[in-house]
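*Asks:* I would like the atomic coordinates for the input below:
(4 chains)
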2 protein chains.
Amino acid sequence: MANSIHPLLVNFFADLPDTPAPIYARLKQAITQKVTSGEWQANQRVPSEAEIVKALNVSRMTVNRALRELTAEGLLTRQQGLGTFVAQKKAHSALFEVHNIAEEVASRGGQYHAKQLQLTKSKASVEEAINLGMRTNQEIFRSVILHFEDNQPIQLEERVVNATLAPEYGEQDFTQETPYVYLMKAAPMTEGEHLVEAVLPNARECELLDINDHEPCLQIKRRTWSGDQIVTAARLLHPGNRFQLFGHFSS
Amino acid sequence: MANSIHPLLVNFFADLPDTPAPIYARLKQAITQKVTSGEWQANQRVPSEAEIVKALNVSRMTVNRALRELTAEGLLTRQQGLGTFVAQKKAHSALFEVHNIAEEVASRGGQYHAKQLQLTKSKASVEEAINLGMRTNQEIFRSVILHFEDNQPIQLEERVVNATLAPEYGEQDFTQETPYVYLMKAAPMTEGEHLVEAVLPNARECELLDINDHEPCLQIKRRTWSGDQIVTAARLLHPGNRFQLFGHFSS
DNA sequence: ATTTATTGATTGTATATACAACTTAATGTT
DNA sequence: AACATTAAGTTGTATATACAATCAATAAAT
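*Replies:* Next comes the predicted model:
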């Protein structure tokens, strides 16, 4: 019967995360979560707009927006008169933009939080000064932040910031806002570089990331410029078994 | 006065192309044209939604959709309470271009050579078929090639190729020309995706790559499309201590 | 002079409604 | 049996309305 509840919809009742995010965004998260978790397989039919409207008691235009945006992002495909389906092409999320790990986790439907392990101000060491293109007597901030996805460590971020270019860095609360967000306000990035490699973590890093010895890690070293000055240099360490870097390109 | 017509709007009157496309799409086109032609410079203010509504006599929601989508595409930036502006950054230049390892080694001034370990034709396994979007009874090529830089192994390349799309693959000599070069001739790539992660190699891979046990490796899995068909899927394994992936981006 | 409050402009979200365009399945006609 | 029509379901677009959230400039108060 057309009246029977769509089987996929069982878990849709009151299924949206009750974060303060807007409805369409929470719906996107919920659907993304279903897809990335594998609960909804590729090519599988997704509930129609009308069904979701009934199940969640929201407006069809809101549902339409969520589905339309997910389609634009490549997670779903839609065909007029036919329905909405899970796309084949990978459900993986962001690519080069590992900038904002919080957003990336959220876009996968995961739960994000962070722990700030260090945030200090001091004079740059020789190495740091060279790396940032500064002099050794100039001041820098050092921060160490551990990022979590669903209560598992996903990224260890060690960052050095030119204090002249981002003087308020030391007063931020990075459990609420990622350094990237603040730094883009303070000194908008005009250029950047990555260096990606596979490394073995040391004992402290193993403990922080909650992984076994000999578990390889994906390390990204990044420097970002604002104009001709280096704003910040960061080392991002990710457990190899929980983190992948995805990229898509077209010609 | 707030009533005066926005200078940028002069050309907006009856400015939409009269193709049969929907209004929001034509508005996107018109704005994109202004930006790419340089008529609207970076950081320049874009007419507000209300102004465009007045000028074109369309609904604000329609204008909102056009501006919102262009923002998602990176052409514009918007700030609540402030306005809409032309974004600075152009486009993401593809960075992770590790396509041709031979060229890369040469560009570093290293000496390149390759060993072909396998090159066979057979029917696709279930996994391979799924990965390539084929059926299990269709034919594929499998190749395994070891690439060297200065006589040290630098990349182990395991590749599966859709035999229908690249029928001559089995007759190539990949010690003289990399698979990438041939495949670009046979079925020019239109799209691709990478998946980068840190992994531990198995015993055979350690031997081939001439590395110690527990030495982490950088693994790149790549699939490339020609049109809507997947041409090839490859797994590229690199010793973590000899290989780094570098990328640079600018706005 | 400094701070605070107000106001207007702007974008952000949510809803209800309407109709168009397309697809599939069922129904009717020849 | 083959074809044409109809109906139901689905996505696509456009509009009007309402209110919230944010920002900058102005006005008011101290």
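*Asks:* which residues are in contact with stretch A:162-170?
*Replies:* Here stretch A:162-170 makes contact (CB atoms under 8 Å, 6 or more residues apart in numbering or on different chains) with A:119-121, A:132, A:134, A:138-141, A:143, A:161, A:179, A:182-183, A:186-187, A:226, A:229-232. Where C-beta positions appear, they are placed from N, C-alpha and C, glycine not excepted.
*Asks:* first to last residue in that stretch, what's the distance?
*Replies:* In stretch A:162-170, first residue to last residue: 11 Å (CA to CA, to the nearest Å).
*Asks:* And the strands in chain A?
*Replies:* Here chain A has its strands, by DSSP state E, at A:45-46, A:76-79, A:83-86, A:112-123, A:139-149, A:152-162, A:191-199, A:217-226, A:229-239, A:245-250.
*Asks:* who in chain A is up against DNA strand D?
*Replies:* A:2, A:46, A:48-51, A:61, A:64, A:67-68, A:71, A:78-84 (CB under 7 Å from any atom of the strand).
*Asks:* Same list (the strands of chain A) but as a markdown table, adding mean pLDDT and mean neighbour count.
*Replies:* A markdown table is the format used below for those (pLDDT from 0 to 100; neighbours: other CB atoms under 10 Å in any protein chain shown):
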| stretch | mean pLDDT | mean neighbour count |
| --- | --- | --- |
| strand A:45-46 | 94 | 19 |
| strand A:76-79 | 92 | 16 |
| strand A:83-86 | 94 | 17 |
| strand A:112-123 | 93 | 14 |
| strand A:139-149 | 95 | 20 |
| strand A:152-162 | 95 | 21 |
| strand A:191-199 | 87 | 19 |
| strand A:217-226 | 91 | 21 |
| strand A:229-239 | 93 | 21 |
| strand A:245-250 | 75 | 18 |
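*Asks:* how about those, which one is nearest B:Pro153?
*Replies:* strand A:191-199 (15.0 Å; CB to CB).
*Asks:* now for the closest one, which elements pack on it?
*Replies:* Where contact means 3 or more CB pairs under 8 Å, 6 or more residues apart in numbering or on different chains; DSSP states H and E, strand A:191-199 is packed against strand A:217-226, strand B:191-199, strand B:217-226, strand B:245-250.
*Asks:* And it, how far out from the chain middle?
*Replies:* 17 Å (CA atoms, centre = their mean, to the nearest Å).
*Asks:* Now do the same contact list for the residue lying closest to A:Glu69 once chain neighbours are set aside.
*Replies:* Excluding its sequence neighbours, the residue lying closest to A:Glu69 (CB to CB, 6 or more residues apart in numbering or on different chains) is A:Lys28, at 6.3 Å. Residues in contact with A:Lys28 (CB under 8 Å, 6+ apart) are A:66, A:69-70.
*Asks:* Please apply the same query to A:Asn100.
*Replies:* Here A:Asn100 is in contact with A:178, A:180-181 (CB under 8 Å, 6+ apart).
*Asks:* Need the per-residue pLDDT for whichever residue of the stretch 1-150 of chain A sits closest to DNA strand C.
*Replies:* Closest to DNA strand C within the stretch 1-150 of chain A is A:Gly81: 2.1 Å, counting by CB to the nearest atom of the strand. A:Gly81 is assigned a predicted lDDT (pLDDT) of 94.
*Asks:* Would you quantify the distance from it to A:Ser48?
*Replies:* To A:Ser48, A:Gly81 is 11 Å away according to CB to CB, to the nearest Å.
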